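Asks: Give me a 3D structure for the following:
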Amino acid sequence: GSSLAKLGKHQEAIKYYDKALLIDKNNLLVLLNKTNSVETLEDDQEAIKCYDQILSIDENNVLAMNNKGLAHAKLGKHQEAIKYYDKILSIDKNNLFALSNKGIAHAKLGEYREAIKCFDQILSIDENNLNALSCNSIALRELGEYRDVIKYSDIILSIDENNVDALNQKGLAHAKLEEN
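Replies: Next up is the predicted model:
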């Protein structure tokens, strides 16, 4: 299967992974390879089934939990995704991927204060995390807190003076403040 996957023949590779799993249904390497092919084909429902299989073998597999959360998020099931990010955070409260993905899921649900809590936790670990700074800026914009948007944009620009998104956010915030 792996050779076929390397050639981009993921449908065919999945057939061979399935044959291998008939022999050893608990082979994590084969399951992970199959999941990679399924993800490449953007079949999120099937990917979730693969992650369920991985988690039935290794219930604390953080990568499978994170990716299962992402698959749910791609399907618009953000509340379900948050459950998997929370499971990761119960194992590792400072997992940056889970915190970031959870924050994004909350933002997608319009829960901007919850999103900000996630990004703030990332910033308590890594104060220069551009993704968390940017996501906080966006969430604050959605809340109409334009002075804070400018503050976060300035922090981003102190790290990366050519950050187009921060420049854009800052300009939009100034324009909104002038309107009011």
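Asks: per-residue confidence averaged over the helix or strand hosting residue 56?
Replies: Here residue 56 sits within helix 44-57, counting by DSSP states H and E. For helix 44-57, mean pLDDT rounds to 94.
Asks: So which elements touch the lowest-mean-pLDDT helix or strand in the chain?
Replies: Sorting the helices and strands of the chain by mean pLDDT, DSSP states H and E puts helix 2-6 at the bottom, at a mean of 90. In terms of contacts (3 or more CB pairs under 8 Å, 6 or more residues apart in numbering; DSSP states H and E), helix 2-6 is packed against helix 10-23, helix 28-40. Bear in mind the C-beta positions are built from the backbone N, C-alpha and C, glycine included.
Asks: deepest of those helices, which one?
Replies: The highest mean neighbour count among the helices and strands packed on helix 2-6, using mean count of other CB atoms under 10 Å, belongs to helix 28-40: a mean of 20.
Asks: what about the strands in the protein?
Replies: For the chain, strands defined by DSSP state E do not occur.
Asks: Would you map the helices across it?
Replies: Assigned by DSSP state H, the helices in the chain fall at 2-6, 10-23, 28-40, 44-57, 62-74, 78-91, 96-108, 112-125, 130-142, 146-159, 164-179.
Asks: now the angle from the fifth one to helix 44-57?
Replies: Here helix 62-74 runs at 150 degrees with respect to helix 44-57, directions being taken by axes from the mean of the first three to the mean of the last three CA atoms, to 10 degrees.
Asks: Repeat that for the third one.
Replies: Helix 28-40 and helix 44-57 are oriented at 160 degrees to each other (the same axes, to 10 degrees).
Asks: Give me the residues contacting helix 28-40.
Replies: Helix 28-40 is contacted from outside by 1-2, 5, 10-11, 13-14, 17-18, 20-21, 24, 46-47, 50-51, 53-54, 57-58, 64, 67, 71, using CB atoms under 8 Å, 6 or more residues apart in numbering.
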